[in-house]
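S.K.: sequence first, predicted coordinates after that:
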Amino acid sequence: MRRVATWVTVAVFSLLPISASAWDPIHELIVPNTSIGPFRLGMTAAAIQALKKSAPCQITAAYRDGKAVRLETNCGGAYHTPEWVQVGIGSGKILWFYGTPDNVTRSDGFNYRADWLYYRGGISFRVVYGDGATNTLIQSIAVFPGTGRLQVRQEPFPGTAPAPPGVGE
């Protein structure tokens, strides 16, 4: 029961409405290896803090030598990839558009199962598993300097895709 309650809590907080006054559709894209909205890899902490004042959602940054080397969002609806992969939806679109991840790392919570699905092209997704192999939720999306080329499928998403790797392990 506790697992279901956690699942519902994650889903609800991921989909909270965003203030229309703070919305800027020009800066909504998550670009692997580059940016989340107006937040770009390589920005200073001061520049990121200044942008946070007008951002529709919280962005977390990790720094090396004073520059952002990893950006992460766990806010649904504000930012999405060009393929409309975003926090708060099932993981099927990840696998459809990006294929099998280059690396899968366990990232379980207190009473739920989760994985980070990493792609060398500079993007990763934290997927939380509910009950059953197809009951998944993208909880976070991160971008970082990629070490490889990201292959993106160009066909439209058909509405169904395989379950993420690691389910049931």
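M.R.: Happy to help now that I have it.
S.K.: for this structure, which segments count as helices?
M.R.: Residue ranges of the helices in the chain, as given by DSSP state H, are 2-14, 45-52, 92-98.
S.K.: looking at the ones you listed, which one has the lowest mean pLDDT?
M.R.: When these are compared by mean pLDDT, helix 2-14 comes last with a mean of 43.
S.K.: centre-most residue in the protein?
M.R.: Ile141 (1.6 Å; Cα atoms, centre = their mean).
S.K.: that one against Ile30, yeah?
M.R.: Yes. Using Cβ atoms under 8 Å, Ile141 and Ile30 qualify as a contacting pair, with a distance of 5.8 Å. Placement of C-beta: from N, CA and C, glycine included.
S.K.: pLDDT weak spots in this structure?
M.R.: Under the criterion of pLDDT under 70, the regions of the chain flagged as low confidence span 1-27, 132-134, 160-169.
S.K.: and the closest residue in space to Gly159 that isn't next to it in sequence, how many neighbours does it have?
M.R.: Nearest in space to Gly159, with sequence neighbours left out and distances taken as Cβ to Cβ, 6 or more residues apart in numbering, is Gly92 at 7.9 Å. Burial measure for Gly92: 20 neighbouring residues, criterion other Cβ atoms under 10 Å.
S.K.: count of residues packed around Leu95?
M.R.: For Leu95, which is what you asked about, the neighbour count (other Cβ under 10 Å) is 20.
S.K.: just confirm Ile138 contacts Gly90, I think it does.
M.R.: Yes. Counting by Cβ under 8 Å, Ile138 sits close enough to Gly90 to count as a contact (7.4 Å).
S.K.: ok, the two, which is more surrounded?
M.R.: More neighbours sit around Ile138 than around the other of Ile138 and Gly90, counting by other Cβ under 10 Å; the figures are 24 against 17.
S.K.: check contacts around the more buried one.
M.R.: By Cβ atoms under 8 Å, 6 or more residues apart in numbering, the contact set of Ile138 is Val85, Gln86, Val87, Gly88, Ile89, Gly90, Ser91, Ile94, Phe125, Arg126, Val127.
S.K.: no further questions, thank you.
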